[in-house]
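> the sequence and its predicted three-dimensional model are supplied below.
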Amino acid sequence: MTFEKFIFYVLAAVLIISATMVITRKNPVHAALSLILAFVASSGIWLLAEAEFLAIVLVLVYVGAVMVLFLFVLMMLDIDVATLRAGFIKMLPLGILMAIAMAAELILVVGPENFGLDKFAAPARHAADYSNTEELGGVLYTVYMYPFEIAAVILLVAIIAAIGLTMRRRPDSKYLDPANQVVVKRKDRVRMVSMDAEKG
Amino acid sequence: MQFDSNQLIPVLPEIYILSLACLVLVIDLFIKQENRIVTYGITQIGLLLAVAITVAVGQPQTQIIFDGSYIRDPMSDVLKVGIFVVSFLAFLYAKDYLRDRDLFKGEFYTLGLFAVLGMIIMVSANSFLTIYLGLELLALSMYALVAFNRDSQDGAEAAMKYFVLGALASGILLYGISMVYGMTGTIRFDELGGAIQKVGLDNVVLVFGLVFIVIGLSFKLGAVPFHMWVPDVYHGAPTAVTLFLGSAPKIAAFALAMRMLVDGMEPLVGQGGWQGWQGMLIVLAVLSMAIGNLIAIAQTNIKRMLAYSTISHVGFILLGILAGTKEGYTAAMFYTLVYALMSAGGFGIVIALSRRGFEAENLDDYKGLNQRNPWFAGMMLLLMFSMAGVPPTVGFFAKLFVLDAVVSVDLTWVALVGVFFSIIGAFYYIRIIKLMYFDKPSDESPLSMGVDTQVVLSLNGLSMLYLGLFPAGLLSICHTAIGG
């Protein structure tokens, strides 16, 4: 076994174990942390497959941004795990049956029989100065320009939908308007009252 | 590769709708609530202009641009015009409903236009990537629209169900696509057919991928056994959104099936056998017609009833596609366009009967409609007859063409099942007609709707009769579009 293969199996084992922990841990925070480990392990596998850019993006975007946000939300919400797990035992046999059926189908289809090295030769190694970031950028803005633009529109819709569904203008909320604060004049705040001096 | 701005001409409808959506988004920010009608006006005039632009860039040849991501052919032109017209109707009927319920907001039109954009992207997609992105754009806008009434518990629940099931369906679809891509090495529909031939039709990975793609597709279409979301979403969403959801996206779903199965994977049709998509669609179509029509009988809520009726109509549309011939595709396209019109009209009447603080959701609300408003009772009569498939309305011809196409490929038993269940289905449509004409009204208040709604709803209803008497025009358009 080459060293590279060894690394692959280690990462794959970590990935499978951490992915299982995501769905079996009782504490949602633990599940989210396991998911982070799963992301890191799969980015390692991508590195082995020479997809350096994607591996780094996975860590930066998913681990760095998305999962942190996720953890934030999980910690702020008080999730009642008991109600979430209600019916777990009742559904378990059905779930296991489905999982076995899916796994059997997958092993049957995505095995060496159909995707073995004799069917698809291993891709040639690239030189050390090969930049797959450049390659990705090259096709992203030329060949895949149209799908790329649509993806941008989807993000715009996501923003509109999120704001449209959650933003409520509450008339009773007390907030400060910095613009008004800046233009305030002395006469808005201080009232000069002229009073006669007290005699005495 | 050199950039040639002429390349952008076929894609003008998409560019235009995107610009329109952004324009509406920005203009709406500066409009006071009492002038919200301006947003509505821009959207509607914009949609009519979109029809003109689509017709202007339309031509008989097929154009494939953006390195195979985008296709403009006669079918896409016709379906786009259909989507614009039906969306126009949906927005028009929805206006009064939204205004009466304090939902008359710019987001409805912005999200609506983005949904329209998603639909026309699907219609003109020539690769799995484009069609998937179009589908997500449509679905994302729809999830938000279903939850549009934020104070409605039902709406939130429906949106949640729709979102979770929709995401699951997208995952299944993507999984199937990845299998097909893994085997053929292409996501372009115009190259996929040849690549499939090269790999071999009985390749297990291809068939596996096909199964997943068909499952994802039938989720989106709402075909049995992947239909459970349809009644809940139709019921829970505000009626104005149900109207939009139940009409124009059906045209896009038809395009989704045509592009993926026919343009892309026609070699996998599996004529006469069960291993190709013909066999899979037979199962889906027969189940949809059976379950849809039988369960609709038991419904007392008209939105749920129309939801189950949608499922049965989807069964009929699938019948046309599974024939696997140009004749069948033409019939399915005719059926889809007609169904979108019928559905818009049917929900239009539901909206017309509702008013502030009252939703005409129960079948009993239709009692004695003839005494309250004979003209719109007549329109509802035409629409219901058309859905049931009673001549001389257009629904009859739509069913006839589909059945004819199925019989001509020697699937007579499937056609018989179709006829059998549409006779059963006729019961619940005619029950509404009975309630309208032979029962005493429980509610004497007159119908309130604007002149624009009255005129357009009348045209919508009469079009059922007109297209039924003269189906040749629309049929020949569909015929040319499919290229038969």
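Cool, the structure landed. Computed from a prediction, not measured in an experiment: that's the story for all the values here.

> only C-alpha atoms for contact and neighbour calcs from this point on.
Fine.

> spell out which parts of chain A neighbour chain B.
Residues of chain A found near chain B, taking Cα under 8 Å from any Cα of the partner chain as the criterion, are A:109-110, A:114, A:143-147, A:150-151, A:153-154, A:157-158, A:160-161, A:164-165.

> one more pass at 6 Å, please.
Proximity of chain A to chain B is confined to A:Val109, A:Val143, A:Pro147, A:Ile154, A:Ala161 under the rule Cα under 6 Å from any Cα of the partner chain.

> what helix or strand is residue 44 on?
You didn't say which chain, so I picked chain A. Mapping A:Gly44 onto the secondary structure by DSSP states H and E places it in helix A:28-48.

> look at chain B instead
Element membership of B:Gln44 [criterion: DSSP H and E] is helix B:37-57.

> what about that helix, distance to the chain center?
Between the mean C-alpha location of helix B:37-57 and the chain-wide mean there is a distance of 20 Å, by Cα atoms, centre = their mean, to the nearest Å.

> tell me which residues of it are tucked away?
Within helix B:37-57, the residues that count as buried by 16 or more other Cα atoms under 10 Å in any protein chain shown are B:37-40, B:42-44, B:46-47, B:49-51, B:53-54.

> where exactly do the helices run in the stretch 201-350 of chain B?
Remark: helices assigned in the stretch 201-350 of chain B by DSSP state H, counting those that start in this stretch are B:204-221, B:229-236, B:239-257, B:277-297, B:302-322, B:326-353.

> same check, this time on chain A
According to DSSP state H, chain A carries its helices in the segments A:3-24, A:28-48, A:52-57, A:67-76, A:81-85, A:88-109, A:112-115, A:132-140, A:145-166, A:178-182, A:186-189.

> mean pLDDT for the ones you listed: which is lowest?
Mean pLDDT is lowest for helix A:81-85 out of the helices of chain A, coming in at a mean of 70.

> from B:Val350, how far out is the spatially most central residue of chain A?
When chain A is reduced to its mean C-alpha position, the nearest residue by Cα atoms, centre = their mean turns out to be A:Val66, at 3.6 Å. In this structure, A:Val66 and B:Val350 are 43 Å apart, going by Cα to Cα, to the nearest Å.

> A:Ala124: which of the helices of the stretch 201-350 of chain B is closest?
Evaluated with Cα to Cα, these place helix B:204-221 nearest to A:Ala124, the distance being 24.7 Å.

> can you show me the CA trace of the closest one as PDB?
As requested, the backbone C-alpha atoms of helix B:204-221 are provided in PDB (Å, rounded to 0.1, in the frame of the first residue of the first chain):
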ATOM      1  CA  VAL B 204     -27.100  -0.600 -15.500                       C
ATOM      2  CA  VAL B 205     -25.700   2.800 -14.400                       C
ATOM      3  CA  LEU B 206     -27.600   4.600 -17.100                       C
ATOM      4  CA  VAL B 207     -30.900   2.900 -16.100                       C
ATOM      5  CA  PHE B 208     -30.100   3.600 -12.400                       C
ATOM      6  CA  GLY B 209     -29.600   7.200 -13.200                       C
ATOM      7  CA  LEU B 210     -32.700   7.300 -15.300                       C
ATOM      8  CA  VAL B 211     -34.800   5.900 -12.400                       C
ATOM      9  CA  PHE B 212     -33.600   8.700 -10.100                       C
ATOM     10  CA  ILE B 213     -34.200  11.300 -12.700                       C
ATOM     11  CA  VAL B 214     -37.700  10.100 -13.300                       C
ATOM     12  CA  ILE B 215     -38.400  10.100  -9.500                       C
ATOM     13  CA  GLY B 216     -37.100  13.600  -9.200                       C
ATOM     14  CA  LEU B 217     -39.200  14.700 -12.200                       C
ATOM     15  CA  SER B 218     -42.400  13.100 -10.900                       C
ATOM     16  CA  PHE B 219     -41.900  14.900  -7.500                       C
ATOM     17  CA  LYS B 220     -41.800  18.200  -9.400                       C
ATOM     18  CA  LEU B 221     -44.700  17.300 -11.500                       C
END
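
> tell me which strands and helices it is in contact with?
Contacts defined by 3 or more Cα pairs under 6 Å, 6 or more residues apart in numbering or on different chains; DSSP states H and E place helix B:204-221 against helix B:153-184.

> can we see that at 10 Å?
Counting by 3 or more Cα pairs under 10 Å, 6 or more residues apart in numbering or on different chains; DSSP states H and E, the packing neighbours recorded for helix B:204-221 are helix A:88-109, helix A:112-115, helix B:153-184, helix B:229-236, helix B:239-257, helix B:277-297, helix B:302-322.

> residues touching the residue nearest to B:Gln7 when sequence neighbours are not counted, list them.
The shortest distance from B:Gln7 to any residue that is not its chain neighbour, by Cα to Cα, 6 or more residues apart in numbering or on different chains, is 6.7 Å, and that residue is B:Ile65. For B:Ile65, the contacting residues are A:Val143, A:Tyr146, B:Gln7, B:Leu8, B:Pro10, B:Val11, B:Ile71, B:Arg72, B:Asn126, by Cα atoms under 10 Å, 6 or more residues apart in numbering or on different chains.

> I'd like the next helix or strand past the helix or strand containing B:Lys399.
When secondary structure is defined using DSSP H and E, the element that contains B:Lys399 is helix B:394-407. Helices and strands here follow DSSP H and E; after helix B:394-407, the next one along the chain is helix B:412-438.
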